[in-house]
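Peer 1: Have a look at this prediction, sequence included:
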Amino acid sequence: MTVTYQIPLPLETTETPIPQGDLPTDYRERLIALLSQDLDFHELDSGYASHNFHSFPAKFPPQLPRKFIEGLTGAGDIILDPMSGSGTTVVEAYLAGRYGIGFDIDPLALLLSGVKVTPLDLELVADLGNETLKQAQQALVQEQKQLKEALNNRWGAKTRRFVNYWFASETQLELLALITQIEKIEDVTIRSFLKSIFSAIIITKSGGVSLAFDLAHTRPHRAKVVYSQSGEIVLGHDLVDSESSRVKLLTKSLRSPIEEFGKRLKQNLEGLHGVRQGPIKPQVMFGDAQNLPLDGASVDLIVTSPPYAAMAIDYMRAHKFSLVWMEHPIDELGQKRKAYIGGEAVTGIDYESLPDKTTKVVDDITGVDDKKGRILHRYYSEMTRMLRELYRVLKPGKAALVVVGSSTMRGKDTQTATCLADIGQSIGFEVPKIGVRRLDRNRRMMPVGNKVNSDSQIQQRMHEEYVIGFYKP
């Protein structure tokens with residue numbers, strides 16, 4: 001498949017530019033200068049426009065892609081994120097008057113990133129959102145029997161077991177009442193907007209309407225003790241008087257999905273003000289970063305953040321909590337997960353030959369744990385194919401910024417940034433600079449606690465990440 005682009009006129013933006021200082025006129029030297037600047041962006045507001053529509057793990061701050069978009073491109077240039085995730089790069093390209101293109105294979109990522117760059121009629125969305133709430137509330141009162149029957153018929157046995165385990169009965173009725181009304185909306189853009197709100201009340205940084213904690217960190221734990229909305233105990237009767245700190249930590253009072261939806265609707269309508277109509281329409285499409293449907297030498301800048309190795313952040317583990325309500329069976333989502341870069345399956349994999357430095361890292365881990373070594377070999381094989389595609393679609397004299405974190409396997413560092421730079425150079429890229437950014441643990445939404453635990457391998461590898469500057473000569 002080949003995509004041909006007609007570049008329209010740029011739109012105007014009122015976003016505050018990121019201070020860049022005096023940058024060299026030479027592109028390569030400018031890239032080095034930008035990577036040498038502060039890339040932490042702590043204490044800055046990252047929730048403007050549509051960036052705060054939905055929680056998403058390991059999401060980089062919007063100021064990061066904006067720095068490189070403003071410093072390395074001009075109006076109307078094509079900005080690509082081949083693994084768009086929550087759509088941060090595509091949103092920033094859109095706000096800056098560039099042509100943003102995003103690809104992903106995750107259905108929730110596609111929904112969110114598409115919604116975040118779609119201007120809508122605020123008054124119409126508010127009316128339909130409020131009508132959705134009203135009709136859902138009426139259905140709970142007048143059609144409860146029908147809702148219960150619909151719940152029994154909505155899923156197959158395996159998906160039903162999942163829903164019953166993670167959602168209380170009263171919560172299920174409210175969620176079904178909401179999604180049923182959302183599905184009736186004919187305008188696909190407004191329906192998608194409301195679906196994203198529906199998902200946002202389930203997948204949250206804290207709380208949420210499921211029985212899970214830590215969903216936004218992709219590490220769900222089921223509540224031990226649960227109180228209904230009226231204060232009755234619905235789960236964990238035998239643990240209510242427990243003095244265990246873990247039980248207390250995993251005690252939850254159910255929230256009303258309809259009330260949470262109303263709060264989130266108001267919040268996201270405010271963010272929608274920042275999604276302005278303009279002549280450059282971004283494109284967010286299903287696509288595999290290892291085989292992009294783009295012409296060669298067609299992209300001016302790439303800014304992306306690929307997954308960690310070995311599913312250190314398992315997106316589908318959280319995303320399925322809302323996707324099962326959107327007619328995605330559990331088995332189907334499990335199959336999709338297997339196709340994600342960084343997966344743990346090691347059979348039926350097309351392993352690439354790796355350059356010497358990367359091969360040594362893989363061999364060191366293989367010597368300790370053969371399967372872990374093959375998992376890492378899979379990851380670097382998939383990243384090789386991705387980097388090969390980035391090289392192909394990027395114009396000569398342009399750059400790709402790849403934001404990565406390292407992992408540990410059996411106590412050994414996977415040296416992700418060093419290995420990806422090694423792979424990129426073997427493909428033909430130059431790597432003039434690798435920037436380092438320190439993570440803000442309170443805002444980055446990594447799957448770790450707020451307290452530092454020096455014995456935790458997860459915490460050890462998630463204090464900083466690297467911004468690799470790949471330059472195509």
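Peer 2: Structure received. Numbering: from 1, shown residues only.
Peer 1: In this protein, mark out all the strands, start to finish.
Peer 2: Along the chain, counting by DSSP state E, strands occupy 78-81, 99-104, 212-213, 221-222, 225-227, 233-235, 251-253, 283-286, 299-304, 394-404, 408-409, 412-413, 430-438, 464-472.
Peer 1: could you dump these to TSV with mean pLDDT, mean neighbour count and distance to residue 363?
Peer 2: For glycine as for every other residue, the C-beta is placed from the backbone atoms N, C-alpha and C. Formatted as TSV, those follow (pLDDT from 0 to 100; neighbours: other CB atoms under 10 Å; distance: least, CB to CB, whole Å):
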stretch	mean pLDDT	mean neighbour count	distance to residue 363
strand 78-81	98	26	32
strand 99-104	96	27	32
strand 212-213	86	22	39
strand 221-222	84	14	36
strand 225-227	87	19	48
strand 233-235	87	16	48
strand 251-253	87	17	46
strand 283-286	94	16	36
strand 299-304	98	24	28
strand 394-404	97	20	21
strand 408-409	84	20	12
strand 412-413	87	16	11
strand 430-438	95	16	22
strand 464-472	96	22	22
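Peer 1: Just tell me which of those ends up closest to residue 36.
Peer 2: Closest to residue 36 of those is strand 430-438 (CB to CB; 6.7 Å).
Peer 1: angle of the closest one against strand 464-472?
Peer 2: 160 degrees (axes from the mean of the first three to the mean of the last three CA atoms, to 10 degrees).
Peer 1: Including distance to residue 345, could the strands of the chain go into JSON lines?
Peer 2: Compiled in JSON lines, the strands of the chain are given as follows (distance: least, CB to CB, whole Å):
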{"stretch": "strand 78-81", "distance to residue 345": "25"}
{"stretch": "strand 99-104", "distance to residue 345": "20"}
{"stretch": "strand 212-213", "distance to residue 345": "25"}
{"stretch": "strand 221-222", "distance to residue 345": "25"}
{"stretch": "strand 225-227", "distance to residue 345": "34"}
{"stretch": "strand 233-235", "distance to residue 345": "34"}
{"stretch": "strand 251-253", "distance to residue 345": "33"}
{"stretch": "strand 283-286", "distance to residue 345": "21"}
{"stretch": "strand 299-304", "distance to residue 345": "23"}
{"stretch": "strand 394-404", "distance to residue 345": "21"}
{"stretch": "strand 408-409", "distance to residue 345": "16"}
{"stretch": "strand 412-413", "distance to residue 345": "21"}
{"stretch": "strand 430-438", "distance to residue 345": "30"}
{"stretch": "strand 464-472", "distance to residue 345": "25"}
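Peer 1: how close does residue 433 get to residue 29?
Peer 2: Counting by CB to CB, to the nearest Å, the separation of residue 433 from residue 29 is 10 Å.
Peer 1: centre of the chain versus stretch 20-31, how much separation?
Peer 2: Put simply, stretch 20-31 sits 30 Å off its chain's centre (CA atoms, centre = their mean, to the nearest Å).
Peer 1: repeat for stretch 86-98
Peer 2: For stretch 86-98, the distance to the chain centre is 15 Å (CA atoms, centre = their mean).
Peer 1: cool, stretch 375-385 as well?
Peer 2: The answer for stretch 375-385 is 20 Å, by CA atoms, centre = their mean.
Peer 1: Could you give me the buried positions within it?
Peer 2: Using 16 or more other CB atoms under 10 Å as the test for burial, stretch 375-385 gives 375, 376, 377, 378, 379, 380, 381, 382, 383, 384, 385.
Peer 1: What of stretch 314-329?
Peer 2: 314-325, 328-329.
Peer 1: Contacts for it, please.
Peer 2: 57, 106-109, 155-156, 158-159, 162-163, 166, 175-176, 179, 195, 198-199, 202-203, 210, 212, 215-220, 307, 330, 333-334, 336-337, 340 (CB atoms under 8 Å, 6 or more residues apart in numbering).
Peer 1: Just the buried subset of those residues, please.
Peer 2: Buried members of those, scored by 16+ other CB under 10 Å, are 57, 106-109, 155, 159, 162-163, 166, 175-176, 179, 195, 198-199, 202-203, 210, 212, 215-220, 307, 330, 333, 336-337, 340.
Peer 1: Pull the contacting residues for the spatially closest residue to residue 403 that is not a sequence neighbour.
Peer 2: Closest residue to residue 403 apart from its sequence neighbours, by CB to CB, 6 or more residues apart in numbering: residue 305 at 4.1 Å. Applying CB under 8 Å, 6+ apart to residue 305 gives the contacts 58, 60, 83, 85, 402, 403, 404.
Peer 1: Also residue 124?
Peer 2: residue 190.
Peer 1: and with 6 Å instead?
Peer 2: Going by CB atoms under 6 Å, 6 or more residues apart in numbering, residue 124 touches no other residue.
Peer 1: bridging residues for the residue nearest to residue 283 when sequence neighbours are not counted?
Peer 2: Nearest non-adjacent residue to residue 283, counting by CB to CB, 6+ apart: residue 101, 4.9 Å away. Beta-bridge pairing of residue 101 under DSSP bridges involves residue 80, residue 283.
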